[in-house]
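Student: Sharing a model prediction with you, sequence too.
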Amino acid sequence: MKVLAILGSPRADGNSERLLKEAVRGIEEEGHAITVLRPSEMDLSPCTNCGECDNTGECIIDDDMSRVYEAIRSHERFIVASPIFFFSVSAQLKALIDRCQAFWCEKYLLGKPVPEGPQGRKGLLIMVGGMKREIGFKCGDATVTAFFRTINVPEHSVLSYQQVDAKGAINNHPTALQDAYNAGRNLVL
């Protein structure tokens, strides 16, 4: 089973990445291949809402998003990990998600959703943020839910950790790292 992980955090070795690494460890221990994409290190232009994908399901912008499109088509399990900034996922991740408008057009306008594959498609969303209220996670989950449904991922699990802000603070959470490891394993079982 092929797993695609998208790390939305622009901060290297931060809390989101630490949680993702634990999820990846659980997946690798089960013997599955994993691809990790870091939008902050890719050449990704934002969607310009040009409308070209309405008729073809293909984006006309020529950048690293072509790698993302291929990865989404060829993988069966998906992890999105992101910090929550101002009640949403990171700007880098949001740019990637917005460019999946081409998949939305392909699915909803052209009636050609991404094939589910023999084992179906499932997802995992990991979020971390310094806020004290849940609303930021609800907004982040709504954004990623729309992304997952657009790429034909009908179900996903969610892990979220609030009041975790300083780099490395997630290491002090009593269950977060184990939760992420278990969620990664469960994604591929």
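Tutor: Noted; the coordinates are in hand. Numbers count the residues shown, from 1 in each chain.
Student: number of nearby residues for M65?
Tutor: Counted with other C-beta atoms under 10 Å, the neighbours of M65 add up to 21. Quick note: C-beta positions are derived from backbone N, CA and C, even for glycine.
Student: Next: M131.
Tutor: 16.
Student: For it, list the residues it contacts.
Tutor: 84, 162-163 (C-beta atoms under 8 Å, 6 or more residues apart in numbering).
Student: quick one: secondary structure of the residue nearest the centre of the chain?
Tutor: Centroid check for the chain by C-alpha atoms, centre = their mean gives V80 as the closest residue, at 2.3 Å. Three-state call for V80 (DSSP: H, G, I helix; E, B strand; the rest coil): strand.
Student: Could you give me the ChimeraX selection string for whichever of the contacts of M131 are buried?
Tutor: The following ChimeraX line selects those of the contacts of M131 that are buried, judged by 16 or more other C-beta atoms under 10 Å:
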select :84,162
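Student: circling back to that earlier point, which residues are in contact with the residue nearest to the centre of the chain?
Tutor: V80 neighbours (C-beta under 8 Å, 6+ apart): 5-6, 8, 89, 93, 123-126, 144, 147-148.
Student: need the strands for this protein, in chain order.
Tutor: 2-7, 33-37, 77-83, 122-128, 155-161 (DSSP state E).
Student: can you redo those as TSV with distance to G140 and mean pLDDT?
Tutor: As requested, the strands of the chain are arranged in TSV below (distance: least, C-beta to C-beta, whole Å; pLDDT from 0 to 100):
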stretch	distance to G140	mean pLDDT
strand 2-7	13	98
strand 33-37	18	96
strand 77-83	7	98
strand 122-128	5	98
strand 155-161	8	98
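Student: Now render these as a markdown table, adding distance to E52.
Tutor: Listed next are the strands of the chain as a markdown table, based on distance: least, C-beta to C-beta, whole Å:
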| stretch | distance to E52 |
| --- | --- |
| strand 2-7 | 24 |
| strand 33-37 | 23 |
| strand 77-83 | 25 |
| strand 122-128 | 27 |
| strand 155-161 | 29 |
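Student: Kindly state which of these is positioned closest to E134.
Tutor: Closest to E134 of these, according to C-beta to C-beta: strand 155-161, at 7.8 Å.
Student: Quick check: can you name the pairing partners of the closest one and their directions?
Tutor: strand 122-128 (parallel) (DSSP bridges).
Student: relative orientation of the strand it pairs with and strand 77-83 in degrees?
Tutor: 10 degrees (axes from the mean of the first three to the mean of the last three C-alpha atoms, to 10 degrees).
Student: just to revisit the earlier point, and the residue nearest to the centre of the chain, how far is that from D141?
Tutor: 10 Å (C-beta to C-beta, to the nearest Å).
Student: anything in contact with each of the two?
Tutor: In contact with both V80 and D141: L125, using C-beta under 8 Å, 6+ apart.
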